[in-house]
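# Predicted structure and sequence below. I'll ask about it afterward.
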4 protein chains.
Amino acid sequence: MKHVEIRSDIAWATPTQVVVHGLDLCEEIVGKIDFGQMAFLQWFGRLPEERELRMFNAMMVILVEHGITPSSLATRMTYAGAPEAVQAGVAAGLLGLGSVFVGSLDNAARLLQASLPDPKNVPDIDTLATEIVADYRARKEILPGIGHPFHKPIDPRAPALFKVAQETGYDGPYIRLMTAIGREAEATLKRALPVNVTGAMAAVASEMGIPWQICRGLAVAARSVGLVGHILEEMRQPIATALYLRTEHEATAHLIPDAQRQDV
Amino acid sequence: MKHVEIRSDIAWATPTQVVVHGLDLCEEIVGKIDFGQMAFLQWFGRLPEERELRMFNAMMVILVEHGITPSSLATRMTYAGAPEAVQAGVAAGLLGLGSVFVGSLDNAARLLQASLPDPKNVPDIDTLATEIVADYRARKEILPGIGHPFHKPIDPRAPALFKVAQETGYDGPYIRLMTAIGREAEATLKRALPVNVTGAMAAVASEMGIPWQICRGLAVAARSVGLVGHILEEMRQPIATALYLRTEHEATAHLIPDAQRQDV
Amino acid sequence: MKHVEIRSDIAWATPTQVVVHGLDLCEEIVGKIDFGQMAFLQWFGRLPEERELRMFNAMMVILVEHGITPSSLATRMTYAGAPEAVQAGVAAGLLGLGSVFVGSLDNAARLLQASLPDPKNVPDIDTLATEIVADYRARKEILPGIGHPFHKPIDPRAPALFKVAQETGYDGPYIRLMTAIGREAEATLKRALPVNVTGAMAAVASEMGIPWQICRGLAVAARSVGLVGHILEEMRQPIATALYLRTEHEATAHLIPDAQRQDV
Amino acid sequence: MKHVEIRSDIAWATPTQVVVHGLDLCEEIVGKIDFGQMAFLQWFGRLPEERELRMFNAMMVILVEHGITPSSLATRMTYAGAPEAVQAGVAAGLLGLGSVFVGSLDNAARLLQASLPDPKNVPDIDTLATEIVADYRARKEILPGIGHPFHKPIDPRAPALFKVAQETGYDGPYIRLMTAIGREAEATLKRALPVNVTGAMAAVASEMGIPWQICRGLAVAARSVGLVGHILEEMRQPIATALYLRTEHEATAHLIPDAQRQDV
C-alpha cells in the first residue's frame, strides 16, 4: 500500500507550549486577542487588520440569532430528549443549515465570484448584471441573494452591512454587482427584489476575499453560538415538550376512530 | 388537551426590524458590537462590562483549537464523505464533546459551585479542599480539573487564564479553591497534579457567575469555530482518505487469508 | 511514541470477496439471510437460532415507529432546511434519543442485570423486588420501566412482548423480576404502575443475554428506520415549515410592540 | 397568519392501542412480522409480497457493513469522546453518507429512472446506453454505478444482487440498462467498468419501483445497523484513541522545533 503523508499545519504542542497558527496560545492569544480575532486567525491563518476585523465582526454577529427557526426547534427538540448531551442539541440544529436556508449564501457568493473572478479587472457592472439576470431567467433558476418573503420591501440587514462596508473601505465591485442584480431583477420581474441579508453577506465576503466555499462554515460557526442561546432558554423556559405533544395531537386526530377519540 | 403556552424571549422581528435581546440588530448590533460581545449577549441577555468581556474572550479563545483530536478527525472524516454538507462535518465533530473531553469542565465547575454555593460567604479554603480530596478518594472518583497526561508538570494554559483573571479582578474564591484542590491532591497522592485547563476554565466561569450547566455550551460554540478551521484545511490539504485507507488496511490485515493477501 | 495495535474483526475484503463476521457477503448473506438476521449477525457475531430471531424481531419492530415525537420533529425540521442531506435529517432525529426517552431502557436493563447477575442462580423474586422498590424510594429515584403517562392503566406493548417471550421460551427470571417490581411499586405507591414498553424490552433483552450497555444501540438502529419513514412523509406532505412559522408567531407575539403588531 | 393544516398518516395511538400504517402494533406487528417487513411497512405503507421482501432484504443486508470507512471511524471517534451518548456516535457516522459514498446510489437511480421513465414502454436498451455514455462523456461527468477502485475487474456484489433479482422476477429493463451502460463505457473508455454495488442497487431499486429520492434513506437506515456494530466493537476493542494520538503525532511532527522534539 502506498504511503500517503498526513500533515496538519494548524497547531502543535509540547508539554509546556501550545501554538496555533504560529502564535503561542498562552503568551500571544489568551488575554491578548478576542473571540472574533481568534475565529479570523483559525480560518485565515493570520490576525486581521483593524478594518478587516470590524467588517468580519459585522458579518459574524448578523448570523448568530435568527429566532424560532427549523434549526433552533431541532436543537430544542433534541435537548428535550437528551439534556445531558448539550453538544448533540447544538449539532442537531446545525444539521438543517443546508440548501434551503444557508445554501443561498453559498450560491450568491459563488455567483458573484464566478461573475467577477478578478476584482481588480471590473467590466461594466450594469451590463454584467443584465446578463446574469437574463441567464438565470433563461435557465428558470432562482437568483440567490435577492428578495425576502418577510423582510420587504427592504431587508434592513443589507443596508446595515453595506454601511459598515462603506465605513471600512469594503464597498467595492461585488457590492455594486449584487445591488445591480437586485435592481435589474426588480425591473425585469416587476416586483420588489432588493438585496437580502444573504446577498449582502455574500457580497461583503467576496469583497474581503473569502472564497464562496467557506461561507457556509462562517454561518455554521456563528449559528452554533445562537443555538447555545436557545438551549439556555429551553433550560429555564421549555417549549419542546408542549410543542411536540400539541403537534402529535393535531397531526393524528384525523386517524383516530370516533369511538376512541375521548380517550386521547 | 391542556393548552400550554409557548414563549421565547430571545428575539423578535417585523418586516423592517430585527431585535435580539432588546437590541436593534441593524442599529445597535451590526457594526457596533463584536463577535465576543454578541456571544455574551446571546447567552446572558445583556452586553458585558469591559472586564467581563476580556475574561470571557480569554475563555472562548482557549477553547477554539485543540489540534488533531477525535473531534476534529470526526469532522474531517465526515467532510470526506459529504463535502457538500459543511454543516454536517462541523456537527459530527461536536458530537464527541461528551463526558471524556468536555465533561471534565462541567464536572469541575459543578464541584466548585456545589462546594462554594455562596462566593460571598467563603469558609476556610484549605479545609474545604482537604475535605473535597478526601471525599473523592473515599468514593474512588477522579477529581476533575487537575493533572494532564501530556501537559506536565504544569498545564501552561491554567496560569495564562489565571493571569487574565488577576488583571480583570476575577481572582476570587473559586480560583483559590481549585488551586488548593490541586495542591492538596498533589500532597496526598504524591505526584504532580496542578490545575489543568479544564479546572482553570471551571474556576474562571464560576468567578464570572456562569452556572456549571452552561459551561459545555460555551465549549461547544467555541469548538465549532475550530472545526470549521479543520474543514478549511481538509479542503486544501486532505488527510481523511489516506487515514481511513491506511486504518482499514492495518486493522483487517490479520483476517485476510494468506493466499489472498497479495491482492489487497 | 508507543505503537498501539489497531484491529477490527468485523469484516475484511479482497477485490473478489467481502466477508462479514465470517460469512461471505455474496455467497452466504445476500439472498440467504434477511435484515433482522443481518442486524443480529452484525451485533452478536453469529446468526441467531430460530426462536432467538423471533424474539429479536419482536423487540426491533416495536422500536421503529413512535409517532410525532421530539425525535421525528427534529428529523423533519432538519429535512426542511437540508433536503439534499437525508442522512443529516435522520441523524438529527437520532440525537435526541438520550436520557429522557431511551435512557429508561438502559436504566431498566441495568437495574435488572445488576440485581440478577446470574440468571441461573435466582433468589426469591418477590423479596428482591421489595428490596429494589424500597431502595429506590429511599434514594428518591424514579424506578425505570414501570408506569406510562399516556398508556394506562396498562401499556399494551408489554404484554404483547411477554407473549412472544412465552412462545419462544424467553419467559425467565428477568421478566418475572420486572413484573414483580411493577406489582410491588403499585402496592407501595398506591397507583397503577405496570411494566411499560421500556421495562418489557429491558426484561426481554436481559433474558436474551444482551448487555444493558448495548440496548440503546438497538433502539437507535430501529429508530433510524422509523425516521426515514418520517422523511418520506415530509417529502410528500410537509409539516415542518408550517409548524415553525406558527411557533415563531406564537412564541414571540408578546415581544412585538403594539404599534407594529399589524405588520407581522 | 394563515392556518396551515398539519397532518401525519403514519401512526396513531390511544391509551390502549398503537396503530402503525393501519396495523395494530400489539396484535398484528409484534411477533407477527420481522424487522425487514417492518422497514418495508414503515417506508411504503404496506406489507411486502414474498418476492418483494426477498429482494428488499437482499438490498438491505448489502448496505449494513462496509468495514473501516470514514463513516465508521467518525462513529468510533465520537464514541471515544461521548461513550454515554451512543446515539451521537451513530449519528456522527451517518453524517458522512453524502455525495461521495452514497450519492452515487442516488445518482445512478436517478439516471436510470430519468432515462427509462416508463418501465412498460422500453426503447432499445443498447441505443439508450450508447446515448447515455456519449452524453456523460460530452459533459465530462462521471457515470454513476460503474467501476470500482478496489473491487475489480468485477464488483462481486453486483452479480450477487442480480442473481436474487432473477430468482424473484425483478430482472427487468433497469438491470438491463445498467448492465448495458457498463458494457458501453468499457468499450468506449477501453477499461474494465462493470456495474458496481451502487449501480446494481440502483437498478434493483428501480425495478422495485422505489423512487431515486428515497434510495439514500434505505442506505442510511441499513448503515445505522452497521455503525451500532462498530460501537459494540469499540466498546471491547477500542481503536479511536490510539488512532488519533498517532495521527496527531504524525501530522504535526514537521511543525515542532528541533529543540523541543524530544519532549513530545
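Arrived safely, thanks for sending. Numbering: from 1, shown residues only, chains lettered A, B, ... in the order given.

# Let's verify the residue nearest the centre of chain A: helix, strand, or coil?
The centroid of chain A falls nearest to A:A219 when counting by CA atoms, centre = their mean (2.9 Å). Counting by DSSP: H, G, I helix; E, B strand; the rest coil, the backbone at A:A219 sits in helix.

# Does it touch A:L97 like I think?
Yes - A:A219 is within contact range of A:L97, at 6.3 Å (criterion: CB atoms under 8 Å). Yep, even glycine has a C-beta here, placed from its N, CA and C like the rest.

# Strands of chain A, start to end?
In chain A, the strands defined using DSSP state E lie at A:11-14, A:17-20, A:23-24.

# excluding its backbone neighbours, what's nearest A:A251?
Spatially, and ignoring its direct neighbours in sequence, A:A251 is nearest to D:S8 (4.2 Å; CB to CB, 6 or more residues apart in numbering or on different chains).

# now swap in A:L111 and tell me
A:P144 is the one closest to A:L111 (CB to CB, 6+ apart), at 6.1 Å.

# where's that neighbour relative to chain B, distance?
To chain B, A:P144 is 16 Å away according to CB to the nearest CB, to the nearest Å.

# quick one: contacts for that residue?
By CB atoms under 8 Å, 6 or more residues apart in numbering or on different chains, the contact set of A:P144 is A:104-105, A:107-108, A:111, A:198-199, A:202.

# For it, grab phi and psi.
Here is the backbone geometry of A:P144 (degrees, to the nearest 10): phi -80, psi 150.

# returning to that earlier point: would you agree the residue nearest to A:A251 is in contact with C:R236?
No - counting by CB under 8 Å, C:R236 is not a contact partner of D:S8; they are 11.4 Å apart.

# okay, these two: which has more neighbours?
Per other CB atoms under 10 Å in any protein chain shown, whichever of D:S8 and C:R236 has more neighbours is D:S8, with 22 against 6.

# residue contacts, that one?
With contacts defined as CB under 8 Å, 6+ apart, the neighbours of D:S8 are A:251-252, C:67-68, C:230, C:233, C:237, C:239.

# OK, contacts around A:I33?
By CB under 8 Å, 6+ apart, A:I33 lies in contact with A:41, A:47, B:57, B:61.

# circling back: how about TSV for the contacts of D:S8, with neighbour count and pLDDT added?
Converted to TSV, the contacts of D:S8 look like this (neighbours: other CB atoms under 10 Å in any protein chain shown; pLDDT from 0 to 100):
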residue	neighbour count	pLDDT
A:A251	23	96
A:T252	21	96
C:G67	21	95
C:I68	25	97
C:H230	28	98
C:E233	18	98
C:Q237	13	96
C:I239	23	98
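
# Could you single out the nearest of those to B:V86?
Each of the contacts of D:S8 was scored against B:V86 by CB to CB, and C:H230 proved nearest at 24.4 Å.

# burial of the nearest residue to that closest one once chain neighbours are set aside, as a residue count?
Nearest residue to C:H230 in three dimensions, chain neighbours excluded: C:S72, at 4.5 Å (CB to CB, 6+ apart). Around C:S72 there are 29 other residues, counting by other CB under 10 Å.

# Pull up the residues of the stretch 51-200 of chain A that are close to chain B.
A:53-54, A:56-58, A:60-62, A:64-68, A:85-88, A:90-92, A:94-98, A:102, A:150-152, A:154, A:156-157, A:159-161, A:163-164, A:167 (CB under 8 Å from any CB of the partner chain).

# one more time with 6 Å
Within the stretch 51-200 of chain A, the residues that sit near chain B (CB under 6 Å from any CB of the partner chain) are A:57-58, A:60-62, A:64-65, A:67-68, A:86-87, A:90-91, A:94-95, A:97, A:151-152, A:156-157, A:160, A:164.
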